[in-house]
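1. got a sequence here, can you build the structure:
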Amino acid sequence: MANAASGMAVHDDCKLKFLELKAKRTYRFIVFKIEEKQKQVIVEKLGEPTQTYEDFAASLPAEECRYAVYDYDFVTAENCQKSRIFFIAWSPDTARVRSKMIYASSKDRFKRELDGIQVELQATDPSEMGLDVFKDRAN
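-> Below is the predicted model of the structure:
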């Protein structure tokens, strides 16, 4: 289960919660954290369907890396209601170098575990994952 490159396992809960977000829309977002001592990715926070983008952005720590999945709803130019599942690799400039390296080396494998990601964003500060970025990338 662990990846030889980074040695990180993915907790089953991560896949389970992601499937609930994707299939049942139980959550608006999920924030994942790498638990270095246990060498695995775990679910850190679940966002209720009623929570907003601002709630999501506020749940990412300013000085630490995280992975996150956000279910973005939007209306197309043809006035169709749609949604896209975004995968965000949050790696702020202020995070520890070791942390950035661990998150970077584990990202692709972790992302493969979450089947159904439609858009990927890499962000080092909040402006790189603002709602305008979501709007641009969703179409």
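
2. so the most far-flung residue of the chain relative to its centre: helix, strand or coil?
-> Relative to the C-alpha centroid of the chain, counting by C-alpha atoms, centre = their mean, E78 is the outermost residue, at 28.1 Å. When classified by DSSP: H, G, I helix; E, B strand; the rest coil, E78 comes out as coil.

3. around D125, count how many other residues there are.
-> 13 (other C-beta atoms under 10 Å). No exception for glycine: its C-beta is placed from N, CA and C like everyone else's.

4. ok, D73 next?
-> Using other C-beta under 10 Å, D73 has 14 other residues around it.

5. same check, this time on A9
-> As a burial measure, A9 scores 19 neighbours (other C-beta under 10 Å).

6. and it, how far from L21?
-> As for A9, its distance to L21 is 21 Å (criterion: C-beta to C-beta, to the nearest Å).

7. if you average pLDDT over the longest helix anywhere in the chain, what comes out?
-> Secondary structure of the chain per DSSP state H: the longest helix is helix 97-113. Taken as a whole, helix 97-113 has a mean pLDDT of 95.

8. how about the CA coordinates for that helix, as CSV?
-> Taking Å, rounded to 0.1, in the frame of the first residue of the first chain, the C-alpha atoms of helix 97-113 are listed here in CSV:
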residue,chain,number,x,y,z
VAL,A,97,10.9,22.5,3.0
ARG,A,98,10.7,19.0,4.3
SER,A,99,6.9,19.2,4.3
LYS,A,100,6.8,20.6,0.8
MET,A,101,9.0,17.8,-0.4
ILE,A,102,6.9,15.1,1.2
TYR,A,103,3.6,16.5,-0.2
ALA,A,104,5.2,17.0,-3.7
SER,A,105,6.5,13.4,-3.8
SER,A,106,3.3,11.8,-2.6
LYS,A,107,0.8,13.9,-4.6
ASP,A,108,0.5,11.8,-7.8
ARG,A,109,0.0,8.6,-6.0
PHE,A,110,-2.5,10.1,-3.7
LYS,A,111,-4.4,11.7,-6.5
ARG,A,112,-4.6,8.3,-8.3
GLU,A,113,-6.4,6.9,-5.3
